[in-house]
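1. Pasted the sequence and its predicted model underneath.
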Amino acid sequence: MELGAMLKSAREVAGIGLREVARQTNYTPSYLSMVEKGTRPALPEIVAAYERVLGPDAILTDGRTDGELEALAWAQRVSSSDVGGGVLEGLERRVDDLASAYTNTAPGELLVEVAQHLRLAGRMLDGKTTLAQHRRLVVAVGWLSVLASTCHIDLGELRAADARLGVAKGIAAEAEHREIAAWILETRAWQKLISGDFVAAVELSRAAQDAAPRDSSAYIQATAQEGRALARLGDPAGTHFALRRVASLVSGMGSPDRPEHHFQYDPAKSDAYVATTLAWLGDPAAESHARHVLADLTSATPTRPRRILTASIDLGLALVAAGKPDEAAHVALGAVTSGRLVPSNIWRLSEVVDRIGQRDQADAATVRVAIRDTYFADSRLRPSR
């Protein structure tokens, strides 16, 4: 007999109604009814309350000792949950959906949805959960917090981004989740990269590699991030070594089920990262590589607008280095009119325009006017550097 059924049986034998037990124990009748039916755990304090009302020997124990009854009560507590079947699984699916939507969704729009799901997860954590459910919930909150921080960085909201990463860091420590811990460091490295602190970006990228499981997407992404930061520091040997490491890591790697997933490395991204890295390094191979990447992305199905935008900026930078400012200006104008610029890449476009200006002031002015007319009204899109 389950413990809740034992309490009901003892109460009925004593001839005491449920409402009277509730009155004397300060529990509601509806709650005690659920305990007796087994839909809520018969916690040790409830058993003790029944014993105060019915007497210490009133509960039919089926020959079980006090220690056995207490163990049974704790087992029910550990296994009790207010999270209905399928609800947690649905939340985890939505985390993957939101991470996959990152590349094709405006960061402000995505942030609204991420925040909604963080609130949902919070309500679930406030209820009763099993130990396994609790860990799954906090891990989901960890992933959502890292994704939210990425959106905040895109919007130039760096204090909010740092706060989100702080939450994720605590969760990664509590859950001992190495991959979330690594993505936090990789995200901080990316933020340092776009703010111009390239030395810190290298250090954080290497820390992310140390934290990440060697076979994880975070490890590959952090390695690629190190290469990009080294390129910005003008270190060709270190840059090419990092690129070779990434190539080795993704060699023979198949495409993930969800290539757009922000936390799942897609080998197809490697070419785009190489194009960016070579463009920043000023390598003559950057132009042909960037053209190849842009052509592949433009003809691909489904389309990936954010990747296309990044590839266009890479090509613009490579074209300036190759002495083709006119074509670079044309590419830059296309990036402006794409509607996909956010603070995390508008500074890169501004860099292209500045370099065009060193060759052709008129073309640079045309692009600057387009940027001003298209984005000046939104203060969040003003470049920070």
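-> Everything's here; your move.
2. Now for the protein: which helix has the highest residue count?
-> Longest helix in the chain by number of residues (criterion: DSSP state H): helix 131-154.
3. list the buried ones in it?
-> Under the neighbour-count criterion of 16 or more other C-beta atoms under 10 Å, helix 131-154 has 133-154 buried. Every residue, glycine included, has its C-beta placed from N, CA and C.
4. try stretch 111-127
-> Applying 16+ other C-beta under 10 Å to stretch 111-127 flags 111, 113, 114, 117, 118, 120, 121, 124 as buried.
5. Restrict it to CA atoms and write it as PDB.
-> Output of stretch 111-127 as PDB, limited to C-alpha atoms (Å, rounded to 0.1, in the frame of the first residue of the first chain):
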ATOM      1  CA  LEU A 111      15.100  38.400 -27.800                       C
ATOM      2  CA  VAL A 112      11.400  38.900 -27.100                       C
ATOM      3  CA  GLU A 113      10.700  35.200 -27.700                       C
ATOM      4  CA  VAL A 114      13.800  34.100 -25.700                       C
ATOM      5  CA  ALA A 115      12.700  36.200 -22.700                       C
ATOM      6  CA  GLN A 116       9.200  34.700 -22.900                       C
ATOM      7  CA  HIS A 117      10.600  31.200 -22.700                       C
ATOM      8  CA  LEU A 118      12.900  32.200 -19.800                       C
ATOM      9  CA  ARG A 119       9.900  33.300 -17.900                       C
ATOM     10  CA  LEU A 120       8.200  30.000 -18.700                       C
ATOM     11  CA  ALA A 121      11.200  28.100 -17.400                       C
ATOM     12  CA  GLY A 122      11.200  30.200 -14.300                       C
ATOM     13  CA  ARG A 123       7.600  29.300 -13.500                       C
ATOM     14  CA  MET A 124       8.400  25.700 -14.000                       C
ATOM     15  CA  LEU A 125      11.400  25.900 -11.600                       C
ATOM     16  CA  ASP A 126       9.100  27.500  -9.000                       C
ATOM     17  CA  GLY A 127       6.900  24.400  -9.000                       C
END
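6. thinking again about what came up before, so which other helices or strands are in contact with the longest helix of the chain?
-> Judged by 3 or more C-beta pairs under 8 Å, 6 or more residues apart in numbering; DSSP states H and E, helix 131-154 is in contact with helix 87-101, helix 107-126, helix 158-175, helix 178-195, helix 343-357.
7. For that helix, give the mean pLDDT please.
-> For helix 131-154, the mean per-residue pLDDT is 93.
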